[in-house]
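*Asks:* Quick one: sequence and predicted model below, then my questions.
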Number of protein chains: 2
Amino acid sequence: METNTTTLAEYLFARLHQLGVDSIFGLPGDYNLQLLDYVAPSRLHWIGNCNELNAGYAADGYSRIKGIGALVTTFGVGELSAVNAIAGAYAERAPVVHIVGTPVRQSQESRSLIHHTFNDGEYERFDRMQEHITVTQAILTDHRSAPAEIDRVLQQCLLHSRPVRIAIPLDMVSLHVPKMLLQTKISIPLATRQPKIEEKALKVVLDRIYSAKKPIILVDGEIRSARIMDEVDHIVKSTEWPTFTSGYGKGLIDESLPNVYGVFTPQLKEFVDSSDLVLCFGPHFSNTNTFIFQTVPKEEITIAINATSVQIGSEILRDLPANDFLPQLIGHLEMDKITKYDPKLVHPKSVEPPAVSDSDLVTQAGGFWHRISSFFREGDIVLAETGTAAYGANEFRLPPKTRLFKAVTWLSIGYMLPATLGASLAQHDLIGRSDYHNLLEARTILFIGDGSFQLTAQELATIIHRKLDVIIFLINNDGYTIERCIHGRDAAYNDITPWRYLKGPEFFGAPSEGQYAAHTWEVRTWGDLDKALTDERMLNGKGVRMVEVFMEKLDAPSPLDRVLDLQILREKAETIPA
Amino acid sequence: METNTTTLAEYLFARLHQLGVDSIFGLPGDYNLQLLDYVAPSRLHWIGNCNELNAGYAADGYSRIKGIGALVTTFGVGELSAVNAIAGAYAERAPVVHIVGTPVRQSQESRSLIHHTFNDGEYERFDRMQEHITVTQAILTDHRSAPAEIDRVLQQCLLHSRPVRIAIPLDMVSLHVPKMLLQTKISIPLATRQPKIEEKALKVVLDRIYSAKKPIILVDGEIRSARIMDEVDHIVKSTEWPTFTSGYGKGLIDESLPNVYGVFTPQLKEFVDSSDLVLCFGPHFSNTNTFIFQTVPKEEITIAINATSVQIGSEILRDLPANDFLPQLIGHLEMDKITKYDPKLVHPKSVEPPAVSDSDLVTQAGGFWHRISSFFREGDIVLAETGTAAYGANEFRLPPKTRLFKAVTWLSIGYMLPATLGASLAQHDLIGRSDYHNLLEARTILFIGDGSFQLTAQELATIIHRKLDVIIFLINNDGYTIERCIHGRDAAYNDITPWRYLKGPEFFGAPSEGQYAAHTWEVRTWGDLDKALTDERMLNGKGVRMVEVFMEKLDAPSPLDRVLDLQILREKAETIPA
């Protein structure tokens, strides 16, 4: 019968699909199997991950490209394995929907002693734990309010660009609920005019913009979650003011523009301090995103456009959502009143990497991160895992329409490989919707250290199985080099077990022949690297390609190299514990 | 200078070493590096794991053999990855000490926006989350109380046989604290006599024992955590009463004894119900440990010896710690007053497995779990992962002095491989202390499904690297067979990616030659199995050996086979969601 009702599971999945979820991550478990029956019929691709942490990371990666991501886990054992990923999504504002299949209400209400509990009849522990790492939660217990509850948490997920959790008892999955609400799509609520605040903000910001003689723009990573990337792009292009990004902001604007000078490093502090206006978009001033607070611009010259407020010096004008305020600002901006300011900075594109010869070993000093940039193409998603790769990524020269993931604040090693799966699937799904820069194919390129790779290595199997166009540069520097730089450069605890990394694709099930056969390269010299990068299978191949790049174990990019020098000085000055 | 002080880190590690920790698990991280400097000097072996979940599982496995286990993680990103393992240790009573290195107090107090936080100055979220899964916690902030705090939580860990958490700010690691307390070892506090309760309990229990005509003994898994394995062994041997175990209790008593009849399955319910006394030790009546409550003995005939109470029928006499009460009971027990009871049950040892021929495919019905038992030796630790392996393990015939790990209540797939690492290291450490059944070598044998293996596969690298004598039987049945039995037997969400499992040892760095070269076997028929089990490299080899056993994807042991039959019946009766 055609009715005006649907099942609760279908309602949830229809909502996710409306919001842009095409692929959903997770693992089956006793308390979510019936829920999973509804995934494929709801036109969602089920991506079975190898474990729940990886599923969480993948959903996070997906959400940063697609604007929303989702995973399904099972009560207790499943959801707890994902908490680190959910916490990371909270810290770095990734809108992830965590759906947890829970035991039937009869078990819960009767405090039955069942598996995946502590055998003590207490069912709410995991709810309590997850509250600390999600913006809001829905624990569904009544079909009458369930659709509205789902809508509420999904809207909060979008609004805050942070994770939410929905717990569904197994016996509610197939309950009937009205379809009607589905006719209205969920969206971020519109801002209501706050005339006084808004007028003040516009006036002060415009005055400062017009009076600035030496203005600069600083683009940080929260422009993604505040959903103001287009507006910032417009301002950068139209003002032509000198523009920098933070590490987190890198890849969110087109850095091939002549007025975009790459990452704001401490070397540039003096120049930035000498300006009279820093227009800062989406600031996220953690120690690791600011070279330990060295690149936080001086408050007195800064106007910060935050997700929901404008900060002028020390004054915060709240309740001005950036995606509402910026269009107004742009509307009012009279371009003939602004300064042209060209401080004659050297553009990163015009810098040549150091000369090397083919037989030289690949090193940081030889400009690995800079040189590899010639390999990047429009449409690539590039990921650089926490560690030397993330610092090295500051040296990347990214073409237009690329995106970069790199370590920001959560810095959970192991994140980037499953995030590569998620980002690559998002790219694939966007191409499927003809919504990816008019491109019909695109690549996802991961740079990851050997230590980090080991934490979540098995997710390579999912990447292979899904036939995704993923290229992995694994930096084999024999352990946790970033930790060696900080402390214990020769300590055994910074060692890892030695793997035969290039056997990975074979072990994880890559085809041995055909167009998705996995290809691997071992790189020790610049000549090796050149050969790998110009190999036809690399340039025009399909599926997973993997390059193992060997580097010395203490070869680290700036500023890790200086951190290492400080450690050595400290060791000379101190007695080491016996 | 020789002083009467030591550093806080040395104090903690000295305490752990006193309690029997020889090996400690974990990963380095920015907030624990300085702490790790003290591990090796404290005579502890640092076992660097591939990720924190695995470290937690390994510490759990270690603790179940050695009586205590420990891991070190870093604030936020590290500790959160371990929570599922810590929760499992809580559910199944494994005494695990989780040590977390946290940021320096200055960062915490000033609410500095540093990495591994949510960039909001809130440092206590993770403390709050961990409270739900640990018995008690110490958050060290003052060196004067720190040693006593450490002692308090370690004692609680032992007392409850459940996990605890100790958070140490990086800047407290090297603070000086008095050594004096170290002279008194930490132990479980002695019971104080509760004369009235005790007399009543002894009288009633002895009366019931003396008057029983058809008594039986049921040994469950909490005799390990209640630390009454020796007492139960004594009672089983001296009464000669018919004895069964739960799945959780299997391997905790010598099942080669003539009066020990293996696992209490629903088939035996009628027999057990017809007895007039069930002496039940260490009960843990979760659904999964009781065939969905079918094998919970009738309350009116049951005397349950719990960790801290004696339950007679429905009456609970509390404050009688079992490891104090049982020695008293044994002291009072007059053997000439008890019934000899031999109900002429068939002993599992006298049952022959079904006849098969060498060319037949290996199947459950062919008696895989039974037949493989001939491979076991005294001193082996055998582990059977959640899924078909755990149910199949009920069929094992275990020699004396073996131990079995199998799914109980937490049932987190992925647990068993890292637990194998932990158990094997505990075995190795006990042999090193000449405290392992007078054996100079022993093996650890894992049975694991392909689905479960994928969750934590990388920990095989650590097993290989540590040259542990581990034999792995990987059941390749093409996905999550246990879930297929429950629901969705043909559903894609119960599929996994196909790996080349036997390439694992090579990928994870096993030597290609020498005495620790990894050897692998592929088994499809009984003849293949026989060849593998009688191979000299299997029988007398060293290091990791791995056998891939192929089975049909719906070939499951009892009672999963019946669960599958029910699903098929249900499908015939119901409409499947479109």
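*Replies:* All right, it came through fine. Numbers count the residues shown, from 1 in each chain, chains lettered A, B, ... in the order given.

*Asks:* does the closest residue to residue A:131 other than its chain neighbours have beta-bridge partners, and which?
*Replies:* Residue nearest to residue A:131 in three dimensions, not counting chain neighbours: residue A:137, with 6.2 Å by Cβ to Cβ, 6 or more residues apart in numbering or on different chains. Placement of C-beta: from N, CA and C, glycine included. Beta bridges link residue A:137 to residue A:165 when assigned by DSSP bridges.

*Asks:* Tell me the pLDDT of residue A:137.
*Replies:* Here, the pLDDT recorded for residue A:137 equals 98.

*Asks:* what about it, how many residues close to it?
*Replies:* Using other Cβ atoms under 10 Å in any protein chain shown, residue A:137 is surrounded by 19 other residues.

*Asks:* Also residue A:233?
*Replies:* Residue A:233: 16 surrounding residues under other Cβ under 10 Å.

*Asks:* isn't it right up against residue A:249?
*Replies:* No - counting by Cβ atoms under 8 Å, residue A:233 does not reach residue A:249; the two are 12.0 Å apart.

*Asks:* where does the stretch 451-578 of chain A have low pLDDT?
*Replies:* A:574-578 (pLDDT under 70).

*Asks:* who in it is up against chain B?
*Replies:* Contact residues, the stretch 451-578 of chain A versus chain B (Cβ under 8 Å from any Cβ of the partner chain): A:454-458, A:461-462, A:464-465, A:480, A:483, A:486-488, A:491-500, A:503-504, A:506-509, A:576-578.

*Asks:* I'd like to know which of those are buried.
*Replies:* Buried subset of those (neighbour count, 16 or more other Cβ atoms under 10 Å in any protein chain shown): A:454-458, A:461-462, A:464-465, A:480, A:483, A:486-488, A:491, A:493-497, A:499-500, A:503-504, A:506-509.

*Asks:* Mark which of those residues are part of strands, please.
*Replies:* Secondary structure from DSSP state E places none of these in strands.

*Asks:* Quick one: residues in contact with the lowest-mean-pLDDT helix or strand in chain A.
*Replies:* The element with the least model confidence among the helices and strands of chain A, by mean pLDDT, DSSP states H and E, is helix A:560-573, at a mean of 87. Under the contact criterion Cβ atoms under 8 Å, 6 or more residues apart in numbering or on different chains, helix A:560-573 has outside partners A:364, A:388, A:391, A:481, A:482, A:484, A:485, A:486, A:487, A:489, A:554, A:556.

*Asks:* which ones among those residues are found in helices?
*Replies:* Among the contacts of helix A:560-573, the members found in helices (DSSP state H) are A:388, A:391, A:481, A:482, A:484, A:485, A:486.

*Asks:* between these, which is closest to chain B?
*Replies:* Nearest to chain B among these is residue A:486, at 6.1 Å by Cβ to the nearest Cβ.

*Asks:* Quick check: that closest one touching residue B:33?
*Replies:* Yes - if you go by Cβ under 8 Å, residue A:486 and residue B:33 touch, sitting 6.4 Å apart.

*Asks:* returning to what we had before: would you mark the buried spots in the least confident helix or strand of chain A?
*Replies:* Using 16+ other Cβ under 10 Å as the test for burial, helix A:560-573 gives A:560, A:561, A:563, A:564, A:567.

*Asks:* export it as PDB, just CAs?
*Replies:* Extracted C-alpha coordinates of helix A:560-573, given in PDB (Å, rounded to 0.1, in the frame of the first residue of the first chain):
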ATOM      1  CA  LEU A 560      60.700  20.300  13.700                       C
ATOM      2  CA  ASP A 561      64.400  20.500  12.800                       C
ATOM      3  CA  ARG A 562      64.800  23.400  15.200                       C
ATOM      4  CA  VAL A 563      62.800  21.600  17.900                       C
ATOM      5  CA  LEU A 564      65.300  18.800  17.500                       C
ATOM      6  CA  ASP A 565      68.300  21.200  17.800                       C
ATOM      7  CA  LEU A 566      66.800  22.400  21.100                       C
ATOM      8  CA  GLN A 567      66.500  18.900  22.400                       C
ATOM      9  CA  ILE A 568      70.200  18.300  21.700                       C
ATOM     10  CA  LEU A 569      71.100  21.500  23.400                       C
ATOM     11  CA  ARG A 570      69.000  20.500  26.400                       C
ATOM     12  CA  GLU A 571      70.600  17.100  26.600                       C
ATOM     13  CA  LYS A 572      74.000  18.700  26.700                       C
ATOM     14  CA  ALA A 573      72.900  20.900  29.600                       C
END
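
*Asks:* nearest spatial neighbour of residue A:532, skipping sequence neighbours?
*Replies:* residue A:521 is the one closest to residue A:532 (Cβ to Cβ, 6+ apart), at 3.8 Å.

*Asks:* Number of residues surrounding residue A:296?
*Replies:* Using other Cβ under 10 Å, residue A:296 has 23 neighbouring residues.

*Asks:* same thing with residue A:187?
*Replies:* The number of residues packed near residue A:187 is 12, by other Cβ under 10 Å.

*Asks:* Equivalent analysis for the one 10 residues further on, please.
*Replies:* Neighbourhood size, residue A:197 [other Cβ under 10 Å]: 16.

*Asks:* check contacts around the residue of the stretch 301-450 of chain A found nearest chain B.
*Replies:* As assessed by Cβ to the nearest Cβ, chain B sits closest to residue A:412 within the stretch 301-450 of chain A, at 3.8 Å. Taking Cβ under 8 Å, 6+ apart as the criterion, residue A:412 is in contact with A:84, A:85, A:88, A:386, B:76, B:77, B:81, B:116.

*Asks:* if we go to 6 Å?
*Replies:* Shown in contact with residue A:412 (Cβ atoms under 6 Å, 6 or more residues apart in numbering or on different chains): A:84, A:88, B:77.

*Asks:* Residue A:330: which of those is nearest?
*Replies:* Residue A:330 has its nearest neighbour among the contacts of residue A:412 in residue A:88, at 32.6 Å by Cβ to Cβ.

*Asks:* Give the next helix or strand downstream of the one helix or strand that closest one maps to.
*Replies:* Per DSSP states H and E, residue A:88 falls inside helix A:83-91. Where DSSP H and E defines the elements, the next helix or strand beyond helix A:83-91 is strand A:96-102.

*Asks:* Direction included, what does that following strand pair against?
*Replies:* The sheet places strand A:96-102 alongside strand A:69-74 (parallel), strand A:164-169 (parallel), with pairing taken from DSSP bridges.

*Asks:* Name the next helix or strand downstream of it, please.
*Replies:* helix A:105-109.

*Asks:* Using PDB, write out every CA atom in whichever helix or strand comes after that following helix.
*Replies:* Next along the chain after helix A:105-109, taking DSSP H and E as the criterion, comes helix A:125-131. Taking C-alpha atoms only, helix A:125-131 is exported to PDB below (Å, rounded to 0.1, in the frame of the first residue of the first chain):
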ATOM      1  CA  ARG A 125      27.000   4.800  30.400                       C
ATOM      2  CA  PHE A 126      27.800   5.100  26.800                       C
ATOM      3  CA  ASP A 127      25.200   7.800  26.300                       C
ATOM      4  CA  ARG A 128      26.900   9.800  29.000                       C
ATOM      5  CA  MET A 129      30.400   9.300  27.600                       C
ATOM      6  CA  GLN A 130      29.400  10.400  24.100                       C
ATOM      7  CA  GLU A 131      27.800  13.600  25.400                       C
END
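
*Asks:* For helix A:125-131, which residues meet the burial criterion?
*Replies:* A:125, A:126, A:127, A:129, A:130.

*Asks:* give me phi/psi at the nearest residue to residue A:12 once chain neighbours are set aside?
*Replies:* Using Cβ to Cβ, 6+ apart and skipping the chain neighbours, the partner closest in space to residue A:12 is residue A:150 (5.5 Å). Taking degrees, to the nearest 10, you get phi -60, psi -50 for the backbone angles of residue A:150.

*Asks:* Next: residue A:351.
*Replies:* Here is the backbone geometry of residue A:351 (degrees, to the nearest 10): phi -90, psi 130.

*Asks:* name the element the nearest residue to it once chain neighbours are set aside belongs to?
*Replies:* Among residues not flanking residue A:351 along the chain, residue A:370 sits closest, at 7.7 Å (Cβ to Cβ, 6+ apart). Using DSSP H and E, residue A:370 sits in helix A:368-371.
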